[in-house]
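K.L.:
Pasting a predicted model and its sequence here:
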Number of protein chains: 6
Amino acid sequence: MIVTARLDFSAAHRLNNPAKDAEWNRRVYGKCDNPSGHGHNYVLEVSVEGPIDPETGMVIDLKRLKDIMRDRVVNRVDHTNLNVDVEFLRGVIPTAENLARAFWEQMAPAIVEGRLRRVVLHETERNSAVYEGE
Amino acid sequence: MIVTARLDFSAAHRLNNPAKDAEWNRRVYGKCDNPSGHGHNYVLEVSVEGPIDPETGMVIDLKRLKDIMRDRVVNRVDHTNLNVDVEFLRGVIPTAENLARAFWEQMAPAIVEGRLRRVVLHETERNSAVYEGE
Amino acid sequence: MIVTARLDFSAAHRLNNPAKDAEWNRRVYGKCDNPSGHGHNYVLEVSVEGPIDPETGMVIDLKRLKDIMRDRVVNRVDHTNLNVDVEFLRGVIPTAENLARAFWEQMAPAIVEGRLRRVVLHETERNSAVYEGE
Amino acid sequence: MIVTARLDFSAAHRLNNPAKDAEWNRRVYGKCDNPSGHGHNYVLEVSVEGPIDPETGMVIDLKRLKDIMRDRVVNRVDHTNLNVDVEFLRGVIPTAENLARAFWEQMAPAIVEGRLRRVVLHETERNSAVYEGE
Amino acid sequence: MIVTARLDFSAAHRLNNPAKDAEWNRRVYGKCDNPSGHGHNYVLEVSVEGPIDPETGMVIDLKRLKDIMRDRVVNRVDHTNLNVDVEFLRGVIPTAENLARAFWEQMAPAIVEGRLRRVVLHETERNSAVYEGE
Amino acid sequence: MIVTARLDFSAAHRLNNPAKDAEWNRRVYGKCDNPSGHGHNYVLEVSVEGPIDPETGMVIDLKRLKDIMRDRVVNRVDHTNLNVDVEFLRGVIPTAENLARAFWEQMAPAIVEGRLRRVVLHETERNSAVYEGE
């Protein structure tokens, strides 16, 4: 049994690899490399897998799962610039792929009822990344 | 190949384990334990897996799948109180997890073209449960 | 200039006019008259009209508008049974029309920047009511 | 008869009135005043009103309306920082209200079939502004 | 008070004015003039305005409004080719504008509780037409 | 790590097996067998799986994935009749299942960063097919 919770947040980012020169970055990232950034309304979906607790009828209380999502991720990234403001993203190029993996690592240790099964990060309605761990 | 059909229904429910006392229920379920209930527009997604029939180009006729969904589940739960009105939910705490599993059990025997692969129940746009059988 | 904020809540209700007999109610409301109720994920949209304040660039701070929506309406109706639990709905048949008007009356006095222009209440993705005052 | 076209774009912004001090900005804009910005997937809806041309059956060709939206607005703001990168937004605090009005002014002169009736700018699924001209 | 009901249907169409030559049609309608047609999942929204009946709490029973929508429009256009199969669209170029007006004319005489206020036809998520009568 | 891109297109189709007689087709496909066709706004989701390239932070550039989707599929099917106009669908009954598989075969050879993991085709908001290869 899998349960999924969904929250959203708004953030700015710029795709840029500082180890590469300007020409490489412009070629690889195009307009996503705009120096002053752009932004998105991200949607974060987190799925936890486990047996149904027969006393509660739940895998994990979704209110508690959302508290974990907020404490570990959403409150740290909402209304920020992902390249600048977020401690746990230092040195991470904020692509949807890298964000999904970093968010997984932030949340996995806090989930003790069931196990973290999947993190989906929607950057727009047309682009998303799914991470299911190693 | 997997095909998915989606239908919705509206129902009331209350999360409450009658084997536990009021304090336990309030602590576990919070406002979801409101004695007179609350409700949702549920969205039910049912996926069937199988080979494509070369004559029809279909795994299962989605009109027939929806007829099964309506006969076995939707017509029995739509515009009801899930704690009170539904025979096959007697004794079931109507969490999304328990509902997804109960709906699976209602529908699985009726699906003879392909096999039932997944039942997703969305309680809100932010909460859902996925059941894929034992 | 008009600004709109949108929040949602989950509630149970039953359509029933207690001044009428059971046959009338069944004929008028059909399955919406189910005695133990049913429920919805309601979406509430509130629009405020006014000039843009040149210092803030805003008609009304949408965070403040949402606080009003929560204090006056959402926190009082979320996870309730609208026929039973809500003081300001005593004696009101909880159709979308009556709810939209009652919510307007709850919020209008609290909106002092700009003026309340429109309240939209979506009961489902297919049914909604719009109230714009007398 | 009114026709509406809808396009989206992604941009960063910061709400800040440079004529005011830091304390005022923090109090008025809260986390929206984050110095390194945040961002959104904006949705722009533009409505044009006029008679149906009996030869074409159209008020205005929606492909042409979208070309105007792209030339005058979307291509200039997509993947930018609205505080920094956009000529026609110099000196404008990029609230949804101010953006809706600025976008109206950009597009109105270019619409010669029918007349511009309404510009709606959705900042998130929960916040939007509507401008209908003076 | 306004209430709105929403239904959808799927249909094929081709934009072509038979009184004009091929070159004119190709220039005006572009790929929408494809001779073998294309198609859409249309969404039809119908709004009725009137006072709330104090006995029922409703402007018009939305089930009855949907019955009118189905009888007069949806059942006649669903799974059809709008250029070929629909009696009441003979001689109508099936643009969203012309369809919205034709649907209004089909439904207006049947609505006797309240009055028809608005017909919205969404051709895609990005294109729609609104008709509010003469 | 999986990334997903989503695009849409509009097309007409008719479900009909020309090797069968009219009575068989009417019984199997119902109104989907309407001789002059009907149509949909299809949504195509394509998922690619692979490791994150540490230099770019991406599995595959989603702009490049969308270019492949457009070149191989969307530009060939958008605003067409799927029974008539599309070379690579000759002899294919255009059910969602057959389309998903045909689209997979069109795109798989072009995807060289990562590997094609899943093709989802939504025919309506209520019907979809998922193909994950042999």
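P.N.:
Cool, the structure landed.

K.L.:
Give me the phi and psi for A:G91.
P.N.:
A:G91 adopts backbone torsions of phi 80, psi 0, taken as degrees, to the nearest 10.

K.L.:
How about chain A: which residue is closest to chain D?
P.N.:
A:G39 (0.8 Å; C-beta to the nearest C-beta). C-betas here are computed from N, CA, C, even on glycine.

K.L.:
Quick check: which element contains that residue?
P.N.:
strand A:38-49 (DSSP states H and E).

K.L.:
what helices or strands is whichever helix or strand comes after that strand leaning on?
P.N.:
Proceeding N to C from strand A:38-49, the next assigned helix or strand is helix A:62-69, under DSSP H and E. Using 3 or more C-beta pairs under 8 Å, 6 or more residues apart in numbering or on different chains; DSSP states H and E, the elements in contact with helix A:62-69 are strand A:2-13, strand A:38-49.

K.L.:
Of all the ones you listed, which one is nearest chain F?
P.N.:
Closest among the helices and strands packed on helix A:62-69, using C-beta to the nearest C-beta: strand A:2-13, at 11.0 Å.

K.L.:
picking up where we left off before, mind putting the helices and strands packed on helix A:62-69 into JSON lines with mean neighbour count and mean pLDDT?
P.N.:
Below are those laid out as JSON lines (neighbours: other C-beta atoms under 10 Å in any protein chain shown; pLDDT from 0 to 100):
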{"stretch": "strand A:2-13", "mean neighbour count": "23", "mean pLDDT": "98"}
{"stretch": "strand A:38-49", "mean neighbour count": "23", "mean pLDDT": "98"}
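
K.L.:
Could you export the ones you listed as CSV, including distance to F:M107?
P.N.:
Below are the helices and strands packed on helix A:62-69 laid out as CSV (distance: least, C-beta to C-beta, whole Å):
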stretch, distance to F:M107
strand A:2-13, 28
strand A:38-49, 25
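
K.L.:
isn't A:N98 right next to F:E55, touching?
P.N.:
No. Using C-beta atoms under 8 Å, A:N98 is not in contact with F:E55, being 11.8 Å away.

K.L.:
contacting residues for the residue in chain A sticking out farthest from the centre?
P.N.:
Here chain A reaches farthest from its C-alpha mean at A:E55, the gap being 31.6 Å by C-alpha atoms, centre = their mean. Contact partners of A:E55, counting by C-beta atoms under 8 Å, 6 or more residues apart in numbering or on different chains, are B:17, B:19-20.

K.L.:
Write the PyMOL selection for whichever of those residues are buried.
P.N.:
Selection of buried members from the contacts of A:E55 for PyMOL, criterion 16 or more other C-beta atoms under 10 Å in any protein chain shown:
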select buried, chain B and resi 17
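
K.L.:
Export the top helix by length along chain A to CSV, keeping only CA atoms.
P.N.:
In chain A, with assignment by DSSP state H, the single longest helix is helix A:96-107. Extracted as CSV, the C-alpha positions of helix A:96-107 are listed here (Å, rounded to 0.1, in the frame of the first residue of the first chain):
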residue,chain,number,x,y,z
ALA,A,96,14.4,19.0,-11.2
GLU,A,97,16.5,15.8,-11.0
ASN,A,98,19.0,17.1,-8.5
LEU,A,99,16.2,18.7,-6.4
ALA,A,100,14.2,15.5,-6.3
ARG,A,101,17.3,13.6,-5.1
ALA,A,102,18.2,16.2,-2.5
PHE,A,103,14.7,16.4,-1.2
TRP,A,104,14.7,12.5,-0.9
GLU,A,105,17.9,12.7,1.2
GLN,A,106,16.4,15.4,3.4
MET,A,107,13.2,13.4,4.1
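
K.L.:
How about it and chain D, touching?
P.N.:
No. Judged by C-beta under 8 Å from any C-beta of the partner chain, helix A:96-107 makes no contact with chain D; its nearest approach is 12.4 Å.

K.L.:
buried residues in that helix?
P.N.:
Under the neighbour-count criterion of 16+ other C-beta under 10 Å, helix A:96-107 has A:96-104, A:106-107 buried.

K.L.:
immediately after that helix, which helix or strand?
P.N.:
Next helix or strand after helix A:96-107 toward the C-terminus (DSSP H and E): strand A:115-122.
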